[in-house]
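J.: Generate coordinates for the sequence data below:
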Amino acid sequence: MARVTDFRFIEFDSEKLLRSGKYIGHRTYWKLYAIENIFRVIIHSVLSPEIPQGWWDVAVEQQVRKKAESFKSSYLKRAWHGKPGSHDIYYVDLKDLAEIIRANSNLFITVIPDIDKWMVGIEDLRLPRNVIAHMNFPSDNDLKRIDVFHSDCLMLIKGVQAKIPILIP
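T.: Numbers count the residues shown, from 1 in each chain. So this is what the prediction gives:
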């Protein structure tokens, strides 16, 4: 398959625009989807047994909860749109997920011993993730960073699953 070029740097052609979008979706978007949801599952799996009375209200800072509530409210006002999920954790982004882990690192340390490395990895992924989330074309370095972090996250979830039951939020 020929290398896909960012449509913004060549003469406009709607077919090239479509190829750019399909390439990013097929090559990378699904990995970002997996990464964010792996962290949602890990957070829920760790915090649910530790804070059984409802970890969201106890372990998540008020600012993040307000942000999630605002997004959730927007979806409820437009009921014809699909909802991100039933749990509030589906209404926050990667930065917020990292903040939840950081703020509760004492509860995650037993299942993620190198937690500081993961916080750095999430921070390093934020910009490449945002490039794609905002419908832009990533650089080769961005693609490599996403590939490596995705692979690392698959190993992380296997390691977590070996230590605790996995719970879907």
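J.: Please report the number of neighbouring residues for I164.
T.: 14 (other C-beta atoms under 10 Å). (Glycine included, C-beta is placed from N, CA and C.)
J.: Outside of the top helix by length along the chain itself, list whatever touches it.
T.: As assigned by DSSP state H, the longest helix anywhere in the chain is helix 140-163. If you take C-beta atoms under 8 Å, 6 or more residues apart in numbering as the criterion, helix 140-163 is touched by 27-28, 31-32, 34-35, 38-39, 41-42, 45-46, 110-112, 118, 121, 124-125, 127-129, 131-132, 138, 166.
J.: Using CSV, write out every CA atom in that helix.
T.: As requested, the backbone C-alpha atoms of helix 140-163 are provided in CSV (Å, rounded to 0.1, in the frame of the first residue of the first chain):
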residue,chain,number,x,y,z
ASP,A,140,5.7,9.6,12.3
ASN,A,141,7.1,10.2,15.8
ASP,A,142,3.5,10.6,17.1
LEU,A,143,2.5,7.3,15.5
LYS,A,144,5.5,5.5,17.0
ARG,A,145,4.8,6.9,20.5
ILE,A,146,1.1,5.7,20.2
ASP,A,147,2.2,2.3,19.0
VAL,A,148,4.7,1.8,21.8
PHE,A,149,2.3,3.1,24.5
HIS,A,150,-0.5,0.9,23.2
SER,A,151,1.7,-2.1,23.3
ASP,A,152,2.8,-1.2,26.9
CYS,A,153,-0.8,-0.8,27.9
LEU,A,154,-1.7,-4.3,26.7
MET,A,155,1.0,-5.7,28.9
LEU,A,156,-0.1,-3.5,31.8
ILE,A,157,-3.7,-4.7,31.7
LYS,A,158,-2.5,-8.3,31.6
GLY,A,159,-0.4,-7.7,34.6
VAL,A,160,-3.2,-6.0,36.5
GLN,A,161,-5.6,-8.9,35.5
ALA,A,162,-3.1,-11.3,37.0
LYS,A,163,-3.4,-9.5,40.4
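J.: average pLDDT across it?
T.: Averaging pLDDT along helix 140-163 yields 96.
J.: for it, which positions count as buried?
T.: 142-143, 145-146, 149-150, 153, 156-157, 160 (16 or more other C-beta atoms under 10 Å).
J.: Please identify which helix or strand holds the most centrally placed residue in the chain.
T.: Geometric centre of the chain, nearest residue: E36, 2.0 Å, by C-alpha atoms, centre = their mean. If you go by DSSP states H and E, E36 is part of helix 30-50.
J.: which other helices and strands contact whichever helix or strand comes after that helix?
T.: Downstream of helix 30-50, the next assigned helix or strand under DSSP H and E is helix 55-59. Counting contacts by 3 or more C-beta pairs under 8 Å, 6 or more residues apart in numbering; DSSP states H and E, helix 55-59 packs against helix 30-50.
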